[in-house]
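Asks: need coordinates for the below:
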Amino acid sequence: MDVTEFEELIDRLGEDLSLWPDDRRLPAEELLKRSSAAQALLEEMRALRQALAAPPVRAPAGLADRIAAAAKMKSDTAEPRTEGETAGS
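Replies: As a prediction, this is how the structure comes out:
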C-alpha cells in the first residue's frame with residue numbers, strides 16, 4: 001500500500017482504522033509504521049473530523065443589528081455623491 005491508496009481508503013472508510021476490513025487495515029498499519037507522510041495524513045484527517053464535529057460558532061446576539069445600525073450611521077454622515085461617483089472615488 002502506498003500513501004495515495006491510503007488516502008483514498010481514509011476518504012472511503014474513515015480515519016478509524018479499527019473499523020476497516022482486515023485486508024485493508026493490516027497493510028495500512030504497516031504503512032503507518034514506516035511512512036511519516038501517512039502518519040501526517042492520518043493526523044490531518046483526524047483533526048479535520050474533530051473540527052467538523054465541533055459545535056458551530058455563533059455570532060453574538062444582536063451583531064447583525066449593530067452592523068446595520070453602524071452602516072446606516074456611516075451613510076447618514078457621508079457627504080452626498082454626485083452622479084456617477086462611487087464610494088472609492
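Asks: phi and psi next, for the closest residue to residue 13 other than its chain neighbours.
Replies: Closest residue to residue 13 apart from its sequence neighbours, by Cβ to Cβ, 6 or more residues apart in numbering: residue 20 at 5.1 Å. For the C-beta atoms, the positions are set from N, CA and C on the backbone; glycine is no exception. As for residue 20, its main-chain torsions (degrees, to the nearest 10) stand at phi -80, psi 150.
Asks: tally of neighbours for residue 20?
Replies: 19 (other Cβ atoms under 10 Å).
Asks: give me the pLDDT for it.
Replies: Per-residue confidence for residue 20 comes out at a pLDDT of 96.
Asks: does it touch residue 32 like I think?
Replies: No: with contacts counted by Cβ atoms under 8 Å, residue 20 stays clear of residue 32, the gap being 11.9 Å.
Asks: low-scoring pLDDT stretches of this protein, where are they?
Replies: Within the chain, the set of residues satisfying pLDDT under 70 comprises 78-89.
Asks: in it, where's the longest helix?
Replies: helix 36-53 (DSSP state H).
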